[in-house]
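> Sequence first, then the predicted structure:
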Amino acid sequence: MKPVRNPWLSAVSCKLSAALAASVVFFLAAAPPQKQAADLLILNARLVTMDEKFSVHDPGGLAVRGGKILAVGSSGAIEKSFAAATRFDARGSIVLPGLVNTHTHAAMNLLRGLADDLPLEKWLTEHIFPAEAKNVSPEFVYDGTLEACLEMIEGGTTTFADMYYFESEAARAVDRAGLRGVLGETFIDFPVPDHKDLPATLAYMKTYVARWKGHPRIVPAAAPHSPYTCSKETLLAARDFALQEGIPLLIHVAETKKELEDARKNWQQSPFLHLASIGFFEAPSGGKRVPIVAAHAVWADAKDRELARQFGVALSHNPESNMKLASGIADVTAWQKEGLVWGLGTDGVAGSNNDLNMFEAMDFAGKLAKVSRDDPTVLPARVLVDAATRGGARALGLFEKIGSLELGKRADFIAVDVRNAHVVPFEGSGGAGASSDQIYSTLVYSAKASDVTDVWVDGKRLLAARRPTTLDENAIRDAAVKWRARVQNSLEAAGKPGEKK
């Protein structure tokens, strides 16, 4: 006997099935997409990427995972696509790549202000070299570099190039602080605290490089002091070692008028031409070049600049040091026009500058160029921010890793508070987006190092709401005060320069 089909029930069943199917489709369509996992999200920032297009996202965001930048874009898109346990609301701040200081002597923070208002040669020979001879030790370098790292973290510098002694101890300090550094051990033709001659220098270099080469944040470098303190033998030994190990070369070149005059007297050519004539800039035939950073280059003329361009030598502009020591005004406008690779530096703080403030370096670099050229349009603010980020990264051979906020690069960035009396009124402070030009000018001409609130390197937060997370401020400052007393006592015991004991 066949079952009797109820037409009404069949119709209801069909409608229910259709409704169920439709609800399933609706549910699937309405289900939110799976968010990607990240370690950190930066949201609601005025995000200055410093990429090739100088893209600015306002409000912008970043996603970070494993110390790398996972995504860059609008804040809404980042929040929609990524999930992270740690979120940072950057509302009211400019977020940009960490600043890159291309020339320091970090441990000399312990000699801050030791001798001021003197020409370079007298400052070095009568004050700095004697103080260093009596006090510089592994402990001095470690403590001094820690103090420098603290200052740089609080001022938004995430990467720096250094030239000093006992650089393995400087590397220990940088590693502890969490910063990124290209750290050059000094080659020089007279006895210094950590080596007495060239063979001892090379022996130190072998041990130093073996320990730190390959570190994710520390790059060992060879740092012949200058053409006037290093013989041809020393210069080429430093070059050969750097080429052999594939590490950068850092050197002072053409810093003062006296250096230029002495070079012309001794070698009948400029310091740059002298270095080129002995093959300092050259790599072996078919060999790979290494980054070379020439600090200062105040007295580099058109021929010198062409050599720098030809050999890929990067230049480090140190405007405050050049002014304070009356070394001269580097023609950075020409560097920029001619397409040279250049970055900004502060120099050491023992008297040639007295701080490691990269915001001041940007500000002074721009204004010095304008007044020296009698042209207010040269080196606009965006170029100066570029020099402090991308330019510095390129100079140090690190642009594949840092210098801009782009997919795949290391997560080195800073947050700068722009809700301060010396910044407002700032377009966008009421919620509307600010123009990119105003953002760059604010960073260069209004913002201060003290406006930096937060700092990350490799996605690790080194400064949180203006408080360092990796370093003990009080302990570092106490150590610096003790060292300064020791330095002063050692100089008093030895007598003033030129005084017979």
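Received the coordinates, thanks.
> For the rest of this, base every contact and every neighbour count on C-alpha atoms.
Will do.
> gap between Y228 and S321?
19 Å (CA to CA, to the nearest Å).
> neighbour-wise, which of those two wins?
S321 (24 against 18; other CA atoms under 10 Å).
> quick one: contacts of the helix or strand containing that one?
According to DSSP states H and E, S321 maps onto helix 319-324. Residues outside helix 319-324 that contact it (CA atoms under 8 Å, 6 or more residues apart in numbering): 117, 255, 296, 298, 327-330, 345-347, 352-353, 361, 364-365, 368.
> Any of the residues you listed buried? List them.
Applying 16 or more other CA atoms under 10 Å to these, the neighbour count classes 255, 296, 298, 327-330, 345-347, 352-353, 361, 364-365, 368 as buried.
> Of these, which is the nearest to A107?
Nearest to A107, judged by CA to CA, of the buried ones among the contacts of helix 319-324 is D347 at 11.4 Å.
> In this structure I218 contacts Y208, no?
No. Counting by CA atoms under 8 Å, I218 stays clear of Y208, with 11.5 Å between them.
> circling back: quick check: mean pLDDT across the helix holding S321?
Helix 319-324 shows a mean pLDDT of 96.
> for stretch 108-125, same thing?
86.
> quick one: that stretch to chain centroid distance?
24 Å (CA atoms, centre = their mean, to the nearest Å).
> And the contacts of it?
With CA under 8 Å, 6+ apart, stretch 108-125 has contacts from 127-128, 140, 144-145, 147-148, 324-327, 348-352, 354, 480, 483-484, 487.
> mind running it again at 7 Å?
127, 144, 147-148, 325-326, 348-351, 354, 480, 483-484 (CA atoms under 7 Å, 6 or more residues apart in numbering).
> Show me those that map onto helices.
144, 147-148, 480, 483-484 (DSSP state H).
> one step back: identify, from the buried ones among the contacts of helix 319-324, the entry nearest to E406.
G345 (23.7 Å).
> what helix or strand is N101 on?
Going by DSSP H and E, N101 is part of strand 99-104.
> List the neighbouring strands of that strand plus their orientation.
Here strand 99-104 is paired, per DSSP bridges, with strand 157-164 (parallel).
> Tell me which helix or strand comes right after the partner strand.
Counting by DSSP H and E, what follows strand 157-164 is helix 167-177.
> hmm, who's touching that next one?
Taking CA under 7 Å, 6+ apart as the rule, helix 167-177 contacts 138, 141-142, 145-146, 149, 180-181, 183-185, 208, 218, 470-471.
> all helices of the stretch 101-250 of the chain, in order?
Applying DSSP state H, counting those that start in this stretch to the stretch 101-250 of the chain gives helices spanning 120-123, 129-135, 138-154, 167-177, 198-212, 232-245.
> list the buried ones in the fourth one?
Applying a neighbour-count criterion of 16+ other CA under 10 Å, one finds 167-175, 177 buried in helix 167-177.
> JSON lines for the residues you listed, including pLDDT and distance to D437?
Shown next, in JSON lines, are these (pLDDT from 0 to 100; distance: CA to CA, whole Å):
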{"residue": "E167", "pLDDT": "98", "distance to D437": "40"}
{"residue": "S168", "pLDDT": "98", "distance to D437": "42"}
{"residue": "E169", "pLDDT": "98", "distance to D437": "42"}
{"residue": "A170", "pLDDT": "98", "distance to D437": "38"}
{"residue": "A171", "pLDDT": "98", "distance to D437": "37"}
{"residue": "R172", "pLDDT": "98", "distance to D437": "40"}
{"residue": "A173", "pLDDT": "98", "distance to D437": "37"}
{"residue": "V174", "pLDDT": "98", "distance to D437": "34"}
{"residue": "D175", "pLDDT": "98", "distance to D437": "36"}
{"residue": "A177", "pLDDT": "98", "distance to D437": "33"}
